[in-house]
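[1] Here's my sequence, what's the structure:
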Amino acid sequence: METLALAWWLWFLLGLALLAGELLTPGGFYLIFFGAGAIVVGVLKLAGLGWTLPVEILLFVAASVAGLLFFRKPLLQRFRRLTPQIAVDALTSEVACSMEEIPAGSVGKVELRGTSWNAHNLDDSPIPRAARCRVERVDGLTLHVRKI
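    Sure thing, here's the model as predicted:
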């Protein structure tokens, strides 16, 4: 009677799928460790260590959780150090360019520092397309602007 177990290449495929899932989700560094755990089990299977499916799953979970516990926090700290922190409030009095006509008192799109932002027109007149406007204040992801 043959014992039920996954082939080494199936563990590799699972690991690659989980690693790809990490790339497609907004960071948190969770799936990367489960992907690494699956690849570890695949490497051990490729090296000739044969187990039953429950033992393989237990090893997968143990390797994944160990990676989470020991490596996630240092990884997050390293990426936070490397990521520039921009104070959104520092955008006040910057000059943006309207990407579309923004009617008076309405919300439209402006470009500032190469990024598209929602913008609320504080003026009593519309802001034409491609017009320069000054940021008066920032509210979340919305810039409150006036035509220059």
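[2] For the rest of this, base every contact and every neighbour count on C-alpha atoms.
    OK.
[3] quick one: low-confidence parts of this structure?
    1-4, 85-89 (pLDDT under 70).
[4] What are the boundaries of the strands in the chain?
    Secondary structure of the chain (DSSP state E): strands located at 95-98, 107-112, 115-121, 132-139, 142-147.
[5] could those be laid out in TSV, adding distance to Ile39 and mean neighbour count?
    Below are the strands of the chain laid out as TSV (distance: least, CA to CA, whole Å; neighbours: other CA atoms under 10 Å):
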stretch	distance to Ile39	mean neighbour count
strand 95-98	48	24
strand 107-112	43	20
strand 115-121	38	19
strand 132-139	45	18
strand 142-147	43	22
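[6] Distance from stretch 98-107 to the middle of the chain?
    Put simply, stretch 98-107 sits 30 Å off its chain's centre (CA atoms, centre = their mean, to the nearest Å).
[7] repeat for stretch 120-129
    Using CA atoms, centre = their mean, the offset of stretch 120-129 from its chain centre is 33 Å.
[8] Just the residues contacting that stretch, thanks.
    Applying CA atoms under 8 Å, 6 or more residues apart in numbering, the contact partners of stretch 120-129 are 98-108, 142-147.
[9] now the end-to-end length of it.
    The first and final residues of stretch 120-129 sit 14 Å from each other (CA to CA, to the nearest Å).
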